[in-house]
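In: prediction below, plus the sequence it came from.
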Amino acid sequence: MLSRKHSILLIKDFLIINTLIMKTQLRFLKGTTVLFFIMNFCFSFTAKANTFSQEVLISQFNGTQVSHNIKLNWEISNYNSTSHIQLEKSIDGLIWELVESFSLNQKEYEDTKPATGYQYYRLKQVDSSSEFYYSAIVAIDFLPKTESQIKICPNPTKGEFCVKLPNEENGNASIKIYSYDFQQIMSFETTFENKIHIDFSNKPKGIYSIEITQNGSTKKLRFIKE
């Protein structure tokens, strides 16, 4: 038979081992709880995001270059929970910047400061609970309209000549002609229909500049009178 001393040691060993087992089980339960919480959170977030992104809310989003600007327009198919619309722009398609926020009544925007080359636009439709949906991305390859696209024929001229602008810029315009020393020689209002004719036959020989103002934009070009 075991002595009293040996019995006490066995009981202590048993208690120590039992305590270690309970601590291990507790750590396992805590780890399982945290893991379950993380998995449950991720699953809930993913499921919620996927459900919302499947809603087709922005039915149309288009963009095109108009003269020196880029014009964007859109249509929304579901207003029920929409709070507002945000327009975002990117030069590289990776980093996006907020351009402006709009009310639901606005359905177009004109970018007056486009960069040369490709730029990307997308709409962010935000609902009343702060959830949001992104539209498809619109990519525009912007080619600036330079002064060289204004054509003066013939140049040099001996008298009459014509001025032609790109087709999309036809319409009302203000014309001013200056001499080489910046004296105004001629000024008039006109309407472009492909081109206009100017009689310069009674003017002296020299170098002149023509200034064309249309839709708030001014273009200048030089010509020679022989």
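Out: Yep, that arrived.
In: list the contacts for Lys164?
Out: Ile150, Lys151, Ile152, Cys153, Asn194, Lys195 (Cβ atoms under 8 Å, 6 or more residues apart in numbering). C-beta here means a position set from N, CA and C on the backbone, and glycine is covered the same way.
In: give me the pLDDT for the fourth one.
Out: Predicted confidence (pLDDT) at Cys153: the value is 87.
In: what is the burial count for the closest residue in space to it that isn't next to it in sequence?
Out: Excluding its sequence neighbours, the residue lying closest to Cys153 (Cβ to Cβ, 6 or more residues apart in numbering) is Cys162, at 5.5 Å. For Cys162, the count of nearby residues is 14 (other Cβ atoms under 10 Å).
In: can you list the strands that the helix or strand encompassing Cys162 pairs with?
Out: Element membership for Cys162, per DSSP states H and E: strand 160-164. Strands that pair with strand 160-164, judged by DSSP bridges, come out as strand 151-153 (antiparallel), strand 195-199 (antiparallel).
In: what's next to the longest one, contact-wise?
Out: Among residues not part of strand 195-199, those counted as contacts by Cβ under 8 Å, 6+ apart are Lys151, Gly159, Glu160, Phe161, Cys162, Val163, Lys164, Leu165, Ile175, Ile177, Met186, Thr190.
In: please identify which of those is nearest to Tyr133.
Out: Tyr133 lies nearest to Leu165 out of those, by Cβ to Cβ, at 41.0 Å.
In: sheet partners, orientation included, of the strand ranked longest in the chain?
Out: What stands out as the longest strand in the chain, according to DSSP state E, is strand 117-127. Note on strand 117-127: by DSSP bridges, its sheet partners are strand 82-90 (antiparallel), strand 132-134 (antiparallel), strand 138-142 (antiparallel).
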